[in-house]
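In: using only what follows, build the 3D model:
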Amino acid sequence: MSEPRVVVLSLIERGWQAARELSLGLRQEGVCVVHVIKGRLDRSVKALITPVPNVRLISVHRQLFWPLIGLLAAGWWLRGTLRSLLVDNDRSYNRLRGWARLLRLDLTVVRAGTHGYELWVGSDRVAEAAWREAVGG
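Out: Predicted structure coming up:
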């Protein structure tokens, strides 16, 4: 598998439906979304997930979650392909805010909304079209 041109690293700690919906739209634009799920997925859940090009799913033990995120982010950032970090909660957003600013990465919270998902930066809702343009998708 060739190295993707643009990577979005998605950190899943609570719920991944919103991030998955976003990734299905991004994949058509050639953006690779890698969802790293904190905790192990049951085989029955894995069986329900259809493999999709440009969308990867990694489940990892809770204690290895943050070290793996660091390694993945560093590798893709050094290659110049990492454009965005997606998180599903404000605590992770606050934890990564300084690093994202330092590395000039987009950091966005993706949440379930009334009509699918919503994107937030801090306390401001972001239009999906503007976010996609910033990410390069």
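
In: assumed residue 38 was part of a strand.
Out: Yes - looking at residue 38 with DSSP: H, G, I helix; E, B strand; the rest coil, it is inside a strand.

In: this structure: strands as residue ranges?
Out: Along the chain, the stretches classed as strands by DSSP state E are 6-12, 31-38, 55-60, 82-87, 106-113, 116-121, 124-126.

In: from the chain's centre, how far out does the fifth one sit?
Out: Centroid separation for strand 106-113 versus its chain: 9 Å, with CA atoms, centre = their mean, to the nearest Å.

In: list phi and psi for the closest residue to residue 99 other than its chain neighbours.
Out: Once flanking residues are discounted, residue 99 sits nearest to residue 105: 7.7 Å by CB to CB, 6 or more residues apart in numbering. C-betas here are computed from N, CA, C, even on glycine. As for residue 105, its main-chain torsions (degrees, to the nearest 10) stand at phi -110, psi 150.

In: need the contact list for residue 105.
Out: 77, 82, 83, 84, 85, 99 (CB atoms under 8 Å, 6 or more residues apart in numbering).

In: neighbours around residue 58, how many?
Out: When neighbours are defined as other CB atoms under 10 Å, residue 58 has 14 of them.
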